[in-house]
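J.: Sequence first, then the predicted structure, then my questions.
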Amino acid sequence: MNRVVKFLGVLVLGLSLFSCKDEKNTTDGEGETIENVTPEEVPVESIDGGDLKTTEGIAPWENLYEQEPTILKNTTKILKVDQKKAVELMSEANKVEVSKDGLETVIAALKTTAAKDYLSDEFNKAIIENGGKGVGLRVDVSPNASEDGSDKRGNYYQFTVYENYEDRIVTVGTFIFDIRTLSFYEMDVVEADYVPLKYAVAKKKELAAIIKN
């Protein structure tokens, strides 16, 4: 009996050790709002570059409107609903189904906002000349988390644009695309809040087309 107890004790120990606020405008030289923009191409390796994190299992759900009061306020005006209804529309129970090419479409539209300055070939070259690897674009939140390599899910896309160096990354901008309102936002670091961005009008129809339900 003592031998059995001793053997079980050793086995358990072994297993334990083993397991141990003003809207920003995109304008031309004449001050007119851009109606159509042909985005400059950013090298594919600079957009993803293998830096995107893969999602194991189901990524946690993020409710944008619960986290960002300013975006919530804008949404109630756009959709003409109260705050409670808006928050419900952003919940997992009301998940928006987005086509697999949704990310590509949203990035193309993002390049027509003020973010185009960071996603340009010129900016990418400047980083390389400064000893870096180039510009990076990380997907932080996506409705298709497993396909897009994001750690979190939601009815919106969130991007971080950064300068990529061997020993560090330097964030230059954080952007959101709200699928519910087809709106882009940028984090204003001075105001510590998101401000709406204009984008090419021609992209709105393409953005609406990625929604499948």
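T.: Arrived safely.

J.: neighbours around residue 152, how many?
T.: Applying other Cβ atoms under 10 Å, we find 15 residues neighbouring residue 152. In short, each C-beta sits where N, CA and C put it, glycine included.

J.: Next, give phi and psi for it.
T.: Dihedral pair for residue 152: phi -130, psi 150, per degrees, to the nearest 10.

J.: Test my guess that it contacts residue 58.
T.: No: taking contacts as Cβ atoms under 8 Å, residue 152 lies outside contact range of residue 58: 10.6 Å.

J.: in this protein, which spans are strands?
T.: Secondary structure of the chain (DSSP state E): strands located at 134-141, 156-164, 169-178, 183-188, 193-197.

J.: Return the set of buried residues in the fourth one.
T.: By 16 or more other Cβ atoms under 10 Å, the buried positions in strand 183-188 come out as 183-187.

J.: what about the strands of the chain, which gets the closest to residue 86?
T.: Ranking the strands of the chain by proximity to residue 86 (Cβ to Cβ) places strand 169-178 first, at 10.5 Å.

J.: partners of that closest one, with directions?
T.: According to DSSP bridges, strand 169-178 has the following sheet partners: strand 156-164 (antiparallel), strand 183-188 (antiparallel).

J.: Let me have these in TSV, adding distance to residue 98 and mean pLDDT as columns.
T.: TSV is the format used below for the strands paired with strand 169-178 (distance: least, Cβ to Cβ, whole Å; pLDDT from 0 to 100):
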stretch	distance to residue 98	mean pLDDT
strand 156-164	9	97
strand 183-188	15	97
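
J.: could you redo the ones you listed as JSON lines and give each row distance to residue 117?
T.: Converted to JSON lines, the strands paired with strand 169-178 look like this (distance: least, Cβ to Cβ, whole Å):
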{"stretch": "strand 156-164", "distance to residue 117": "10"}
{"stretch": "strand 183-188", "distance to residue 117": "11"}
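
J.: Out of these, which is closest to residue 210?
T.: Minimum separation from residue 210 across these (Cβ to Cβ) falls at strand 156-164, 10.2 Å.
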